[in-house]
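>>> sequence first, then the predicted structure, then my questions.
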Amino acid sequence: MNPVNYLFLSALLFTIGAAGVLIRRNAIVVFMCVELMLNACNLAFVTFSRMHGNLDGQIIAFFTMVVAAAEVVVGLAIIVTVYRSRHSASVDDASLMKL
Amino acid sequence: MESLIGLLVAAPLLGAAVLLCGGRRLDRTGHWLGTGLAFLSFAFGLVLFTDMLGKDGEHRALHSHLFSWVPVGDFQADVAFQLDQLSMTFVLLITGVGSLIHLYSVGYMEHDERRRRFFGYLNLFLAAMLLLVIADNYLLLYVGWEGVGLASYLLIGFWQHKPSAATAAKKAFIVNRVGDFGLSVAIMLMFTTFGTFAFGPVLANATEAGESKLTAIGLMLLLAACGKSAQVPLQSWLGDAMEGPTPVSALIHAATMVTAGVYLIVRSGAIFNGAPDAQTAVMVVGAVTLLFGAIVGCAKDDIKKGLAGSTMSQIGYMVLAAGLGPIGYVFAIMHLVTHGFFKAGLFLGAGSVMHGMNDEVDMRKYGGLRKYMPVTFVTFGLGYLAIIGFPFLSGFYSKDHLIEAAFARGATQGWIFGSVALLGAAITAFYMTRMMLMTFFGEKRWQPDENGELPHPHESPKTMTIPMVILAAGSVAAGFIFNLGERFVHWLEPVTGYEHGHLPEPLNVPLITGSAVTAMVLGVALAWVKYGRRPVPAVAPRGNALTWAARRDLLQDDVNHVVLVRGGEHLTRSLVYLDHKVVDGVVNGTAATVGGLSGRMRRVQNGFVRSYAVSMFGGAAVLIAATLFMRAV
Amino acid sequence: MSFPLLTATAALPALGAVATAAVPAEKRTVAKWLALLVSLGTLVLAAIVAIRFDPDGARFQLTESHAWIADFGVRYELGVDGIAVALVGLTALLIPFIIAAGWHDADPLAEKTTSRWRPTQGFFALILLVEAMVVISFLATDVFLFYIFFEAMLIPMYFLIGGFGDRAHQHGEEEAGRQRSYAAVKFLLYNLAGGLIMLAAVIGLYAVTSDQLGSGTFSLQEILQARADRDLDIATSTERWLFLGFFFAFAVKAPLWPLHTWLPNAMGESTAPIAVLITAVVDKVGTFAMLRFCLGLFPEASQWATPVILVLALISIVYGALLAVGQRDIKRLIAFASISHFGFIVMGIFAMTSQGQSGATLYMVNHGISTAALMLVIGFLISRRGSRLIADYGGVQKVAPVLAGTFLIGGLATLSLPGLAPFVSEFLVLVGTFARYPVIGIIATVGIVLAAVYVLVLYQRTMTGPVKSGLEKLPDLRVREVLVVAPLIALLIGLGVYPKPLTDIVNPAVGHTLSDVGEKDPKPEHDARGGDK
Amino acid sequence: MSTMNTVHSLWTMAAEPAGKIDSPHIEYAQLSPTLIVLGAAIIGVLAEAFVPRKSRYAVQIGIALLGFAAAFAAVIALAAGGHAKEEAQIAAMGAIAVDGPALFLQGTILLVALVAVFTFAERRLDPQEHGKHVDSFAAQGSAVPGGPAEQAAVKAGFTTTEVFPLLAFAVGGMLIFPAANDLLTLFIALEVFSLPLYVLCALARRKRLMSQEAAVKYFLLGAFSSAFFLFGVALLYGYAGTVSYAGIAEVVEGTRQASDPALAQTMGNDALLLIGGAMLLMGLLFKVGAVPFHQWTPDVYQGAPTPVTGFMAAATKVAAFGALLRLLYVVLPGLRWDWRPVMWGVAIATMVIGAILAVTQTDVKRLLAYSSVAHAGFILAGVTAATPDGISSVLFYLAAYSFVTLGAFAVVTLVRDAGGEATHLSKWAGLGRRSPLVAAVFAVFLLAFAGIPLTSGFAGKFAVFKAAAEGGATPLVVIGVISSAIAAFFYVRVIVLMFFSEPKPEGPSVVIPSVLTSTAIAVGVAVTLVLGLAPQYFLDLAGDAGVFVR
């Protein structure tokens, strides 16, 4: 199967993720969508790595996962503290500061 | 000798400086200091005069170069003096009459606590006026020109607490400024035309410049003369100027300053000779003013305003003459000098009358004063006879020659201006007789003044009467002396370039003289009929339209008021509004716009993460699109 | 390298400012005297400069040159020509009077005397700071160096305008404060905007020079030299843009119609001495810069712009005078009068004749002195009555003759009465303009009539007539005040009667400027000077 | 068929007999600054774990200061050793570049960090709680604001000394960011310095809700942008088959062609390059806060603890612009004609919108935030010059700007009322009357922001505009000066407020800080004035450092 299709898939995933970020209110879900975008990137990396016939892409994919994990740690921590103090994880509630 | 020329100016200038900066400690002696310096200047004048007589006609002019004043490139203005016969005539007139009036003021201003300052101003005037007549270039003349303007401003407004005086002073200065505009432009024109504005080179080479240039310069000089000499259309200030103390009116607004315009025209004769159109303009102005002043003079009940009108009209004569070219110059000056004598005398007389009548100026409240102040009556009377041109008094000679010269112009112009001059003579006789009758003859019409006491007319002190006597003597004799063997004509000949003997076309001189006398008699008779035979009403009758208009200076002020004052106020007010709303509005508007823009754009910053994300997403899209587009093109 | 005289002249007031600011709060009088002495010292230095300056010598003298910011092609270059000497002299001369006149203007009101807040020290320190910056911008022969101080001087001026106003105010203290800060902000933003436009042009100039001369430079002398040697030949359109950039800034500073609206506010709201500082000293930098930089750097463009600029100047003259007539506020009246006068100065500069430009330079000096004399007297008057409205005055002449007298002389100088200094310069400007542009010259001459109107109307309304209620006890000038005004009046008369020393210094410099532009005086049609003399 | 080949090759590779692994060659000396800082961070973490609570504060400060100081010394040493110029090289198997710009920026970042430590450690501003001095960070980040847990923590006198290791990690990331020489390293560095900042933002002692909100916004948007960034990396990798700058650059310039026709469809496919490059740029522009990726700045700057804001505003910009420069000048020079117009647009939008939006701000921190956006625009103007002059001018501007910012925010921490820092402008009225010195200092910073001559701001502005003009970007310069005129308006507004309006009776008071903050402010002022009066030395420095190694 033509590897380019995998690229299309990754682009699709990326877009879905982005759309999610724009649409969803719940901070957790928004964050998941970001993760989805990262994974879309991973797919792209692997595909390209396959097409170029070198391993850089695949290694990068591993790095990405680690970074994602780290982001999860920090992100969840922040979101949870917010949830504790506001009893809501809706990003729209967090709009004290504006204009 | 040259060094004395500077001293002429220096003496009164020193006086002014000392008196104005000296402070109260000079209050006792100040006026004598001022008077003394005036006489000193007169003495210098006499010395120079005698010295001048010692030389022959062509080499009488003295020059003295003090220092280079404003040297910039081709523009070389020097402080340098030129004392020729014309200047000499003025120097003697100014210092002579000036000294007398200083003396007179000592008595007249006795009770004024600011007398020291008054004498300071008088000295300042003398200095400026002398500078005006001995300057050897137009820029320095301009300095004197404005200097006398300043002095007249200060003296008209001497009683500043009276709003009317302050207004009159301001008016005089501003109207004169309009004239100065003319003088400035004239000087600029000379500079661009001749590269200099010193009398010598400019007048010597006047003929080189084209007639159009000369006409332009001439008209500008005429404008200047109109301002200073109160000629139509800039005459309106002279009447109000009578707000000043009477000696001021006598010295500045009768004898000397107002004649500066005539001096300017005669001095610039070479320019006018080359510009006939300008000359015609001069004559027209003179003729119009001549009648204008005379008519106004007939209607005034205020003795000083009446004299002011007369002054205007007499100067009209001089200007008319000055427009006639070389033939007229000499008689213009001659009339100027004689007028200086008798008009100053008349004013001093009027002052003396007011002095005795609790400063009452309305002639309808005088009457029958001849018994109470004989000296005043006699001197005033002689001045009166002189001005109406009573045979063999000074006015007779000068005016008669003027009329002849006017007719001598020949052709239509000659007839017009000649007959105008004759008519003027008649009217002069009328209003002067009217003045004489209302003041010294008839029955008393005295009114109690504001604090209820009737005036006790009495003769004025010696300090006042002596000058009156001297001036009266002058007004009787001057003309006769000048005319003896035409010495005045010869005296001025090097300046005016006119020696008597050949009139352009043969004139019947006796006829003209006769008609002049007749006109005079007619005027006197008419006045006698109106004011001598029947009693003068103490309140002015309504009179016809002309009288009404004449009392209001022929509506000239009303016109000015509507056109200039009102119009100007509207203009400035609307400009202020415009400046605030439009010019400044644009600036504030820009600031407001930015602020508004900012306020509207802030709304995008709505605090919602997701909308931020949207704009980022959109931004990314734009970025990508733009990059691709850049590649595409 | 001898003693850096010019640097010293600029540095002394700067150091003086620091010292004055450092004076402890309660030692107010010390600060005042310190400031006064420093300004007098500066005057002495300026006098030495004037003496050491040789009118017939090189164009720029007493020059100093040190490397500063090589990357920007900026050098610390000072030098004086005749014009600079005259203006430095003016500045150094006026500051002592300004300080003496403002002696009590910054005494803190009772409730504000905290140990920290030291308005008095600040006031005088700022004045000295302004002096230092103005002086160095007159001395700078490096465009960038000039620009830096041209801009920087806005800040102290801004604090002087906004921080210190008239004690009493017809609208009350609250409103006064609001109007003050409005005026200050307007002043700063207006000039800053102009300066930033100029910054773009300055950068452009660098780009051009670095492009054509290999290395970018701001040194006026180098650029002039390069022009002369045809090494530097700026493209016409570029030159015009750069010229406009420079001129805009200077026209705001000058101020030229229609960029004038900041001046009435600034002068109206600030105290009289500061108003003098603005119009008599700081604004002169603008006109000076037109003469030195616009004409020197962009001759062709200057020629190209001349017609428009002359018209603007003409508008300023008439417009300023007319608005002066229409003012109700004494200080604003003087402000508009100044706008009219700046019109004359600009006109003289761009008339491109020796009379015009020498006249303009003299005009800068004379206008400085005459405005100082008049404005300071007005300040004394206002400080007595506590109102700036003409309507609140009348008959002052009766109760305070000396004040009225000095006021009148100042006024007569403002309407340039012959015999007083301003007449000489005004007439030169008019003649110089007329020689090349007769129509404009004639219209401008109308200005002398209008000047008479606004001055005499002001004098009549305030000084003559019956004494207004509330003025009966008005005290006449005190000794300090007389000492401030008398020398200025003496100068007005002296320079009016014998301006030659000044013209001798200025003329050669103007000659250089004209040759930069490549202009010659028009010759008279029938040269009569060969005639009998 | 083509796929067969690749599969085969892949398989054969896997089938290679496992030889011995040759350890990568690491130049520890050249990397020492980064290594020292990261080491300090790790020690800090250990200290958190093992050092008793009461002495932690001192220890952490010591570690941080020592670490940064040592790292700075190392940078100086490297620069002195000529690594800024002739000795410049690629280290760590091509992952890190050690060259002029890198060292210059690292030095700047480290100095900023040093000063930031002072502001972080300040404990005299807040009133004592339970007899203990407290700094500006929450006693316990995780505790609910106002909840029992927090009160307990405050009572117990807990302090979040973790901020120092976090700071150190962030700095470590920032040191790598401008030096990274392949996209992977760049990405890692980005995350390494972002994540600690997210956390730091959430730790304010006062106004915790806002602080947490700031953290959420910063985090979500940051993650969002880094996702784009990463996808951009992926595309570029697809384009060039490598992530090393040099490699990509070669492909862009066409010096390295796709050997295998099978790769033609990806290798050297400009669509990939352009889209990828754009996404990469977006990630960086987000960090520098350029329009339209700027909207996080005001909110985050306002919510975060002021010392953090100051550090962030200064250091993040330096690091991000460093990376941006390297990317544009090393990776995409061949693409100049494509990215320059785009960057022009971004620069103009950033300058104008930043300035205009700031005009109506009423909160000091938000005001400074928007002004930082405007300044990002000015710096971008220098970036677009695409000349060595451009590089050095940007470097100089960054150095000048970062200290002004740091100082300004430090001053903000001093003006306080009952509710902590009084950041609303109305409360600053008449500050000049109450405490002239502080007001004057702040005025100096504002004037520097406004670019008034004799301040560092003017020198910097002149430098970048000069570079832009010489790079042929005259319109950019004109718009630049116009927008700085607009910008001047609101800086002046603050000065008016401080000096010309009467102080309010209930207005805030200015706390007398300890030597720490005072030092920070003093440094800020000193740098501002020195760079304003005699910038030549530093301009030379930046000029020498203006060459990238490749």
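Cool, got the structure. Numbering: from 1, shown residues only, chains lettered A, B, ... in the order given.
>>> going forward, measure contacts and count neighbours with C-alpha atoms only.
OK.
>>> what about the closest residue to chain C within chain A, which SS state?
Of all residues in chain A, A:Leu99 sits closest to chain C, at 25.2 Å by CA to the nearest CA. A:Leu99 falls in the coil class when you classify it by DSSP: H, G, I helix; E, B strand; the rest coil.
>>> what sits against it?
B:Arg602, B:Arg603, B:Val604, B:Gln605, B:Asn606, B:Gly607 (CA atoms under 8 Å, 6 or more residues apart in numbering or on different chains).
>>> same question, B:Phe396
Per CA under 8 Å, 6+ apart, neighbours of B:Phe396: B:Ala386, B:Ile387, B:Ile388, B:Gly389, B:Phe390, B:Gly479.
>>> closest to chain D among these?
Of all the contacts of B:Phe396, B:Ile387 has the smallest distance to chain D: 72.8 Å, by CA to the nearest CA.
>>> how about the closest residue to the closest one other than its chain neighbours, what does it touch?
Leaving aside its sequence neighbours, B:Ile387 sits nearest to B:Gly395 (CA to CA, 6 or more residues apart in numbering or on different chains; 5.1 Å). Counting by CA under 8 Å, 6+ apart, B:Gly395 touches B:His335, B:Thr338, B:His339, B:Leu385, B:Ala386, B:Ile387, B:Ile388, B:Gly389, B:Ser475, B:Gly479.
>>> ok, which stretches of the stretch 51-200 of chain B are strands?
Secondary structure of the stretch 51-200 of chain B (DSSP state E, counting those that start in this stretch): strands at B:62-72, B:75-83.
>>> get me the contact residues on the stretch 451-600 of chain B for chain C.
Contact residues, the stretch 451-600 of chain B versus chain C (CA under 8 Å from any CA of the partner chain): B:Glu569, B:Thr572, B:Arg573, B:Leu575, B:Val576, B:Asp579, B:Val583, B:Asp584.
>>> what's the farthest-apart pair in those?
Pairwise distances across those (CA to CA) peak at 21.0 Å, for the pair B:Glu569 and B:Asp584.
>>> the two: which is more packed in?
Taking other CA atoms under 10 Å in any protein chain shown, B:Glu569 and B:Asp584 do not tie; B:Asp584 has more neighbours (17 against 14).
>>> does chain A sit close to the one helix or strand that one maps to?
B:Asp584 belongs to helix B:584-602 when assigned by DSSP states H and E. Yes: against chain A, helix B:584-602 shows contacts by CA under 8 Å from any CA at B:Arg602.
>>> now the lengthiest strand in chain C, how far from the centre of its chain.
For chain C, the strand with the greatest residue count under DSSP state E is strand C:61-69. In terms of CA atoms, centre = their mean, to the nearest Å, the centre of strand C:61-69 is found 25 Å from the chain centre.
>>> can you list contacts of it?
The list of residues contacting strand C:61-69 from outside it, by CA under 8 Å, 6+ apart, reads C:4-6, C:53-54, C:74-81, D:534-536.
>>> buried subset of these, written for ChimeraX?
In ChimeraX, this line selects whichever of the contacts of strand C:61-69 come out buried by 16 or more other CA atoms under 10 Å in any protein chain shown:
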select /C:5,6,53,54,74,75,76,77,78,79,80,81 /D:534,535,536
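>>> of the contacts of strand C:61-69, which belong to helices?
With helices taken from DSSP state H, the overlap with the contacts of strand C:61-69 comprises C:Leu5, C:Leu6, D:Gln536.
>>> which of those are close to chain B?
Restricting the ones in helices among the contacts of strand C:61-69 to those near chain B - CA under 8 Å from any CA - leaves none.
>>> rewinding a little: rounded mean pLDDT for the helix or strand harbouring the residue nearest to B:Ile387, please.
Secondary structure assignment for B:Gly395, by DSSP H and E: helix B:394-408. On average, the pLDDT along helix B:394-408 is 88.
>>> next helix or strand past that helix?
The helix or strand immediately downstream of helix B:394-408 is helix B:411-440, counting by DSSP H and E.
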